[in-house]
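>>> Could you look at this predicted model? Sequence included:
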Amino acid sequence: MPLSRPLTEESVSEQLLTNLIILHGDEEIAIQKEVHGFITPLQESGLADFNLSRLDGRSVSLSELQSHTQLLPLGSTQRLVILSHALTLVKSESSQDEFLKLLDHLPPSTQFVMLIPDSQATRRGERYWVNLEKEVWFNQWLKKNTEKVILKHFPLPNEREMARWILQEAECQGGKFEPRAADELAADIGNDTLLVSQEIAKLISYVGNERPVKAEDVRALSSPVGREDIFHMMDAIAEGDARTALRLLDISLQNQSENAIFPMIVRHFRQLISAAEIVAEGGTASMVQNELKIPSFVAEKLARQAHRFTLKQLDFIYQRLSSLDVQMKDGKTPPELALELFVAELARK
């Protein structure tokens, strides 16, 4: 699957103005493509082995990061340092100061690309970034140094935008989707672009590029996660029934991989937070339906569940989901076990 789209003249000239780029958000496909756009010129020049460092903030130390950013390029005017989970390595006030000092004194010969994973939630009808909002120290630095940094946000497409995203991604992968097929796939899987991208590749391979992917192809090959099981599991969690919640999770895991179920849970809580805010302000299920652009039966169930959780509880759960995402991706805990521990923890609160 191709990961890069051509850089525009505007984006290239913009990136020449600064050597600090921050790619922030939860649209991982778009972020990967952006990163690929930085790496490709180095690889084509044959100098990537000398002038590229890819680091992970969950395992690298500040002193190691400092060493990589201060190295001089070999055979080129610039070296590239890419740091994923960039703010994870900043664990104390003293490390905050060290990290900001590093940013303030980047050598011109180092292009530093920071990746900050994040997700959005809704508060009083307004969207906000969950993780970045907590990093007050970093936000203050950003406001004071707008001329030093290019900050690019990559939010996941919302459900109304997802069908169009699928049509565009299919073209990037060298295939084509009929609009109804894109609608069907978006309804089945939601806005987990990594998972949807894999499904697109599978469907394009299935039709062999001989014709566009049709709705019946999606129905034949892409079985959706059982949304009803997710609703029942959330009901059990709200009632403190850990046994039932874990049984329903087990049923879901028998039918789908944890990589399919986890995004569905995240999507459910994202919608539930929005529904809870609407209900807290006196809104009805029909208002939830209109605001979230979802079927009426889904809106009714979300409105009902919204009465079972407080906004404070939902905010805590969403923060836990963000931590769980990191935990599942770093490989230290098997994803299935991580999901089981998460569901058991919530159901016992």
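Perfect, I can see it now.
>>> In space, not sequence, find me the middle residue of the protein.
residue 26 (2.3 Å; C-alpha atoms, centre = their mean).
>>> check contacts around that one.
Residues near residue 26 by C-beta atoms under 8 Å, 6 or more residues apart in numbering: 117-120, 154-156. To be clear about C-beta, it is placed using only N, CA and C from the backbone, and glycine gets the same treatment.
>>> what about the helices in the stretch 101-250 of the chain?
Under the criterion DSSP state H, counting those that start in this stretch, the stretch 101-250 of the chain carries helices at the ranges 130-134, 136-144, 159-172, 179-189, 193-207, 215-221, 227-238, 242-255.
>>> how about these in a markdown table, adding mean neighbour count, distance to residue 77 and mean pLDDT?
Output for the helices of the stretch 101-250 of the chain, formatted as a markdown table (neighbours: other C-beta atoms under 10 Å; distance: least, C-beta to C-beta, whole Å; pLDDT from 0 to 100):
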| stretch | mean neighbour count | distance to residue 77 | mean pLDDT |
| --- | --- | --- | --- |
| helix 130-134 | 16 | 32 | 86 |
| helix 136-144 | 13 | 27 | 94 |
| helix 159-172 | 18 | 31 | 89 |
| helix 179-189 | 20 | 44 | 84 |
| helix 193-207 | 19 | 35 | 89 |
| helix 215-221 | 17 | 48 | 85 |
| helix 227-238 | 19 | 52 | 78 |
| helix 242-255 | 17 | 51 | 84 |
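>>> Please identify which of the ones you listed is closest to residue 303.
Nearest to residue 303 among those is helix 227-238; the distance by C-beta to C-beta comes to 12.1 Å.
>>> what angle separates the strand ranked longest in the chain from helix 136-144?
Longest strand in the chain by number of residues (criterion: DSSP state E): strand 110-117. Here strand 110-117 runs at an angle of 130 degrees relative to helix 136-144 (axes from the mean of the first three to the mean of the last three C-alpha atoms, to 10 degrees).
>>> And strand 110-117, what does it pack against?
Contacts defined by 3 or more C-beta pairs under 8 Å, 6 or more residues apart in numbering; DSSP states H and E place strand 110-117 against strand 20-25, helix 28-45, helix 62-70, strand 79-84, helix 130-134.
>>> Show me what that strand is in contact with.
Outside strand 110-117, the residues within contact range by C-beta under 8 Å, 6+ apart are 19-26, 31, 35, 38, 69-71, 73, 78-87, 103, 106, 131-132, 325-326.
>>> if we can go back for a sec, give me whichever of the helices and strands packed on strand 110-117 is most buried.
Of all these, strand 79-84 has the most neighbours on average by mean count of other C-beta atoms under 10 Å, namely a mean of 22.
>>> elements contacting that one?
Short answer (3+ C-beta pairs under 8 Å, 6+ apart): strand 79-84 packs on helix 28-45, helix 48-51, strand 52-56, helix 62-70, strand 110-117.
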